[in-house]
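K.L.:
Following is a predicted model, sequence given first.
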Amino acid sequence: MRPTPRVETFPANTPAVSQIFTTVLSQGPLTRLEVARRAGLSPAAVTKAVRPLIDAGYLVEDAAEEARPALGRPANPVRVDGGRALFIGVKVTGGELIGVLTDLCCRIRVARHVPLTDRTTEAVLPHLTELVHQLLAEAEDLGTPVLGLGVAVSGDVDRAEGVVRYSPFLDWRDVPFAELAAMTTGLPVTVENDVRALTVAEQWFGAGVGLSDFAVVTVGTGIGCGLVVHGRVIEGAHGVAGEIGHVTVDPAGPPCHCGNRGCVEAIAGEAAILRRIRETTGADVTDTAQAVELAHRGAAGAREAYARAGEAIGRGIATVANLLGPERVIISGEGLAAYDLFAEQIRGAFAAAAFGSAAQCDVQTRPLPFEEWARGAAATAIQSFITPDDPHPSR
């Protein structure tokens with residue numbers, strides 16, 4: 001019988017302490033005055049909050065020879081001690097579990113992949129438990145406590161309740177997965193939609209650091225979108241905010257599994273691209289690698305399928321820009337392996353459909369390995385640890 005991991009609570013007795021720590025975590029090292037300015041708090045409040053965090057080992061004060069005291073307060077920068085705690089993140093896909101062990105700064109220390117042949121919860125849970133135990137053993141060797149587990153799942157996920165309402169790729173409905181995983185692992189568990197989890201990682205540790213409003217668009221099996229508005233990850237009243245995959249961009253387009261026609265996902269999702277290539281070329285392509293190779297060899301039907309996908313994605317991104325006016329849109333996901341085949345069409349369709357100053361939105365591509373999805377899950381566990389009462393806090 002494995003020992004139950006030690007459960008520790010974060011030493012924050014006010015929302016301001018969590019906000020201060022999050023500011024240093026995502027943007028540090030910072031002096032106390034810089035923290036006060038970025039967090040919108042008084043220097044006195046920051047000084048008061050930093051002390052217990054230093055005493056508990058979560059923040060470290062760096063001596064800076066050139067620093068000068070300001071108004072009697074230390075001017076040395078403070079930073080998060082990433083090695084103070086570890087977290088586990090797991091991304092559940094239809095064919096495998098991807099698990100990572102990260103430090104408090106969400107840097108991956110260990111990564112593991114476990115194949116799945118059965119995607120039912122009864123089959124997935126034992127595999128996930130064993131994967132977590134393997135990562136806990138790695139953490140034990142490092143001598144650092146694991147303080148939380150994050151699980152990322154595609155579909156409609158109620159993070160507050162820890163329930164997967166509906167995951168079409170896994171065929172899960174109303175699964176209380178946080179409770180189940182907590183029972184078998186002994187860890188506090190956060191379950192989140194995979195795209196929102198990736199968005200949290202980008203907000204705190206990636207290309208969204210310091211931005212108040214941005215979006216993450218994922219291209220691959222499906223087309224996902226995570227939204228950050230005024231510093232908060234948005235899930236909407238029913239948990240489905242950001243579903244640009246089901247924005248109609250061609251009313252006469254192909255049918256979508258959601259019941260509509262011409263959705264972005266029905267044109268630009270992996271299955272849609274493969275189906276289009278088979279229809280137009282007659283080639284028996286079964287995966288993206290084959291489709292990309294065929295397109296790179298110059299097959300007109302394959303190149304047309306990717307160009308069409310790029311136009312749909314570009315129009316979907318323009319819809320986001322027109323509605324929310326984000327500072328940046330980050331395009332990611334496994335579908336970026338074919339980015340050279342549709343980048344021009346994404347840019348062109350975005351420019352044509354974005355209204356007025358929305359066209360000034362900074363559209364970036366950020367190729368990320370599959371481990372980054374699991375890292376996003378770990379980021380949600382870190383977030384839950386720091387702000388247990390607010391699943392999507394402002395920075």
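P.N.:
Thanks, I have the structure now. Numbering: from 1, shown residues only.
K.L.:
And the average pLDDT for the lengthiest helix in the chain is what?
P.N.:
Among the segments of the chain that qualify as a helix by DSSP state H, the longest is helix 300-324. For helix 300-324, mean pLDDT rounds to 94.
K.L.:
and the helix or strand following it, which strands flank it?
P.N.:
Counting by DSSP states H and E, the next helix or strand C-terminal to helix 300-324 is strand 328-332. Strand 328-332 sits in its sheet next to strand 214-219 (parallel), strand 362-365 (parallel), going by DSSP bridges.
K.L.:
what sits up against strand 328-332?
P.N.:
Outside strand 328-332, the residues within contact range by C-beta atoms under 8 Å, 6 or more residues apart in numbering are 198, 202, 206-208, 211, 214-219, 313, 317, 320-321, 339, 346, 361-368, 372. Where C-beta positions appear, they are placed from N, C-alpha and C, glycine not excepted.
K.L.:
Where does the prediction get shaky in the stretch 201-350 of the chain?
P.N.:
Counting by pLDDT under 70, the stretch 201-350 of the chain has low-confidence residues at 237-240.
K.L.:
For it, which segments count as strands?
P.N.:
214-219, 223-229, 232-234, 328-332 (DSSP state E, counting those that start in this stretch).
K.L.:
For residue 108, which non-adjacent residue is spatially closest?
P.N.:
Leaving aside its chain neighbours, residue 108 sits nearest to residue 100 (4.9 Å; criterion: C-beta to C-beta, 6 or more residues apart in numbering).
K.L.:
Figure out which of the strands paired with strand 328-332 is closest to residue 292.
P.N.:
Nearest to residue 292 among these is strand 214-219; the distance by C-beta to C-beta comes to 13.0 Å.
K.L.:
tell me the pLDDT at the residue nearest the centre of the chain?
P.N.:
Taking C-alpha atoms, centre = their mean, the centroid of the chain lies closest to residue 198, which sits 0.6 Å from it. pLDDT, residue 198: 95.
K.L.:
sorry, back to before: buried set for the longest helix of the chain?
P.N.:
Within helix 300-324, the residues scored as buried using 16 or more other C-beta atoms under 10 Å are 301-303, 305-321, 324.
K.L.:
Tell me, how many residues neighbour the residue nearest to residue 108?
P.N.:
For residue 100, the tally of surrounding residues (other C-beta atoms under 10 Å) stands at 26.
K.L.:
quick one: it is in a helix?
P.N.:
No - assigned with DSSP: H, G, I helix; E, B strand; the rest coil, residue 100 falls outside any helix and is strand.
K.L.:
Could you check how far residue 373 is from residue 16?
P.N.:
Distance of residue 373 to residue 16, given as C-beta to C-beta, to the nearest Å: 32 Å.
K.L.:
what do you get for residue 160?
P.N.:
22 Å.
K.L.:
which of those two has more neighbours?
P.N.:
residue 16 (17 against 12).
K.L.:
tell me which element the more buried one falls in.
P.N.:
helix 15-27.
K.L.:
Now do that helix: which elements does it pack against?
P.N.:
Packing partners of helix 15-27 (3 or more C-beta pairs under 8 Å, 6 or more residues apart in numbering; DSSP states H and E): helix 32-39, helix 43-55, strand 78-80, helix 194-205, helix 371-386.
K.L.:
can you list those in TSV and add distance to residue 181?
P.N.:
TSV is the format used below for the helices and strands packed on helix 15-27 (distance: least, C-beta to C-beta, whole Å):
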stretch	distance to residue 181
helix 32-39	33
helix 43-55	29
strand 78-80	26
helix 194-205	15
helix 371-386	11
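K.L.:
Quick check: which of the ones you listed is nearest to residue 108?
P.N.:
Of these, nearest to residue 108 by C-beta to C-beta is helix 371-386, at 5.9 Å.
K.L.:
quick check: angle from that closest one to helix 15-27?
P.N.:
160 degrees (axes from the mean of the first three to the mean of the last three C-alpha atoms, to 10 degrees).
K.L.:
what's the burial count for residue 111?
P.N.:
Other residues close to residue 111 by other C-beta under 10 Å number 17.
K.L.:
Surely it is within a helix?
P.N.:
No - using three-state DSSP, the assignment for residue 111 is strand, not a helix.
K.L.:
mind listing what it touches?
P.N.:
98, 99, 100, 101, 371, 374.
K.L.:
Pairing partners for the first one in the sheet, please.
P.N.:
Same thing as residue 98. Going by DSSP bridges, residue 98 forms beta bridges with residue 91, residue 113.
K.L.:
from memory it sits against residue 374, does it?
P.N.:
Yes - Residue 98 is within contact range of residue 374, at 4.5 Å (criterion: C-beta atoms under 8 Å).
K.L.:
For the two, indicate the residue with more neighbours.
P.N.:
Counted by other C-beta under 10 Å, residue 98 and residue 374 do not tie: residue 374 has more neighbours, with 32 against 23.
K.L.:
Could you measure from the more buried one over to residue 216?
P.N.:
16 Å.
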